[in-house]
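Participant: with the input below, show me the fold.
(one chain, ligands or ions: 4)
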Amino acid sequence: MSPVCPTASSSTLFPVSPFLSFPRTFTGATSISKPFFGLPNHAPAKKLLSTRPGVLISDNRRAWTPETPATEKELKDEGLRATTAMTKLVCTIGPETCGPDRIEALAAAGMKVARVNMCHGTHAWHRAVIERVRRLNEEKGFAVAIMMDTEGSEIHMGDLGGASSAKAEDGDMWTFTVRPLGCSLPERSVHVNYDGFAEDVKEGDELVVDGGMVRFEVTEKIGPDVLCRCIDPGLLLPRANLTFWRNGTLVQERNAMLPTLSSKDWLDIDFGIEEGVDFIGVSFVKSAEVINHLKSYIAAKCCESEIAIIAKIESIDSLKNLEDIIKASDGVMVARGDLGAQIPLEQVPSVQKRIVELCRQLNRPVIVASQLLESMIEYPIPTRAEVADVSEAVGQQADALMLSGESAMGNYPDKALAVLRNVSLRMERHLKEVKRHDTVKLPAITFSLTGDISEEICNAAANIANKLEADYIFVYTKSGHMASLLSRHRPDCPIFAFTPSASMQRQLNLLWGVTPFCLSFTDDMENNLSGTFSLLKARGLLKSGDFAIVVSDMLQSVQVITVP
Ligand SMILES: Nc1ncnc2c1ncn2[C@@H]1O[C@H](COP(=O)(O)OP(=O)(O)OP(=O)(O)O)[C@@H](O)[C@H]1O
Ligand SMILES: CC(=O)C(=O)O
Ligand SMILES: [K+]
Ligand SMILES: [Mg+2]
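Facilitator: Ligands and ions are numbered 1, 2, ... in the order given. Below is the predicted model of the structure:
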């Protein structure tokens, strides 16, 4: 139980050599609040409590001073399990991984965000998963964020009456029906969730399950039932997505008018707000309006909420309004599963590349999702092509990669996560060797004095860090915004972000290269630094002689320091 942190010895002054320092008159000039990853929205920053002269703390946590040793809890902080992995890993939690031990194993192996998909399971099931993640964070010092993904109102099949899958053989006749849920159906029948389905399809249409996993041809319509012949056999999974095609073109009839957020989605969103999830992923986003609408709903419902909204790009409509959607959201997911069912498969890689680049320019984190290691649902090693796909996403410097079925219901969730991690680490090393950062030009994203100052400071800090081959960038940030501006540069060294808010720490966990720590700090940088050094040294993350660039959003300064 005894504190481990040898702080007393560092209470004397150590060399902190200010390298670049912006005029003090800028201190406190910025008022950046949410969205932290995006443009500042000029809402006033939270008022800080002043407990004693010169010491600002934002809540009841203790401020760091050289005299205050780290507690066990602080030493356990997830940041202190830091590795220098730059690409973040998201795992979908499902029946295979919902146990506390399984969740802990994923967290220990590098899961930064746990995703729950509201397409599947009950609120009770999801609540239990969320509680397990929260408990893990509290008891073991992880900072795993929770992302809740909405179902969306696209067309999908029912749940196959509880079966985990059903085999559709070549030539088999199947019935897709819009009869009410609950009424018993004959063999080889599936519910369809969209009432207009039986009217909208035509004989001869092709019915595509999960972007082509199984294909049917519509042969006859009888009232609520649509009779189909299987033309590409395969496995039907519960709630699989359905699209229908006529003469090679995706049919968007009345289903194109379905709202992005269904009445069920709103209930799920209320659930997510109550449970305090960190991210809500919005499926099948069509335009920026739905994101703005959801944000104002959340703000009205709970003004203290810090839920970030992730726009899932998985429809043709979302591609038409891509830039506006990205700007309206706090982050983006390239949801390649459904996207590949709506646009020709061969277009998915270039669309992914475009979205990843655009997100970086607009300063939004981006997750590349679906089928990264699909074969590992069944097999313990990936295909060479899957490894190449993961490497490509890491090479594009996406913020995060996501496992779906591999971690939710596959046979090898832990192995899949280990592969994701090893492949990313290898590619990151390669990128560093070839100095990719030299070639990327980033446009300015803020057009206000205060925003410009933060941006220029972060641009300078990232450049200095690369040029001087710094070991770390430290950023003391209340809003998280400066951490995102640094991450956007994809510098060669890790970014250690210190923030007083646990919720901000979890959200920063999605950002490329950022290792977030939850620490209170003061506006006395010398104090902050000596406390931080003690803590990081105690965990072997830092040693004397290491070289760090230090940025703070309170002092608007850049310092170059050598760890004493
Ligand atoms: N909570 C859950 N309960 C049961 N099965 C789940 C759950 N979450 C995921 N799965 C299983 O894992 C598979 C993959 O999960 P994932 O959520 O990524 O897929 P998806 O339904 O294709 O995604 P999306 O609906 O967002 O496009 C699902 O098809 C389902 O079989
Ligand atoms: C993740 C998801 O929703 C998709 O790939 O379709
Ligand atoms: K979903
Ligand atoms: Mg999807």
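
Participant: mind listing the strands for the stretch 201-350 of the chain?
Facilitator: Per DSSP state E, counting those that start in this stretch, the stretch 201-350 of the chain carries strands over the ranges 206-209, 214-222, 225-232, 234-236, 242-246, 249-250, 279-282, 308-313, 331-335.

Participant: do the same with the stretch 51-200 of the chain
Facilitator: Using DSSP E, counting those that start in this stretch, strands in the stretch 51-200 of the chain cover 55-57, 88-92, 111-117, 145-149, 166-168, 173-177, 189-191.

Participant: on that earlier part again, need the strands of the stretch 201-350 of the chain in JSON lines (columns: mean pLDDT and distance to ligand 4).
Facilitator: For every residue, glycine as well, the C-beta is placed using N, CA and C. Shown next, in JSON lines, are the strands of the stretch 201-350 of the chain (pLDDT from 0 to 100; distance: least, CB to the ion, whole Å):
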{"stretch": "strand 206-209", "mean pLDDT": "94", "distance to ligand 4": "13"}
{"stretch": "strand 214-222", "mean pLDDT": "96", "distance to ligand 4": "17"}
{"stretch": "strand 225-232", "mean pLDDT": "97", "distance to ligand 4": "20"}
{"stretch": "strand 234-236", "mean pLDDT": "95", "distance to ligand 4": "17"}
{"stretch": "strand 242-246", "mean pLDDT": "92", "distance to ligand 4": "12"}
{"stretch": "strand 249-250", "mean pLDDT": "88", "distance to ligand 4": "15"}
{"stretch": "strand 279-282", "mean pLDDT": "98", "distance to ligand 4": "9"}
{"stretch": "strand 308-313", "mean pLDDT": "98", "distance to ligand 4": "6"}
{"stretch": "strand 331-335", "mean pLDDT": "98", "distance to ligand 4": "5"}
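
Participant: could those go into JSON lines alongside mean neighbour count?
Facilitator: Formatted as JSON lines, the strands of the stretch 201-350 of the chain follow (neighbours: other CB atoms under 10 Å):
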{"stretch": "strand 206-209", "mean neighbour count": "22"}
{"stretch": "strand 214-222", "mean neighbour count": "16"}
{"stretch": "strand 225-232", "mean neighbour count": "19"}
{"stretch": "strand 234-236", "mean neighbour count": "17"}
{"stretch": "strand 242-246", "mean neighbour count": "19"}
{"stretch": "strand 249-250", "mean neighbour count": "12"}
{"stretch": "strand 279-282", "mean neighbour count": "26"}
{"stretch": "strand 308-313", "mean neighbour count": "27"}
{"stretch": "strand 331-335", "mean neighbour count": "27"}
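
Participant: residues contacting the residue of the stretch 201-350 of the chain found nearest ligand 4?
Facilitator: Proximity of the stretch 201-350 of the chain to ligand 4 (CB to the ion) peaks at Asp338, 3.6 Å away. By CB atoms under 8 Å, 6 or more residues apart in numbering, the residues touching Asp338 are Glu154, Gly211, Asn241, Ser283, Phe284, Glu314, Ser315.

Participant: go on, Val419?
Facilitator: Leu373, Met376, Ile381, Pro382, Val387, Val390.

Participant: highest neighbour count among those?
Facilitator: Leu373 (28 neighbours; other CB atoms under 10 Å).
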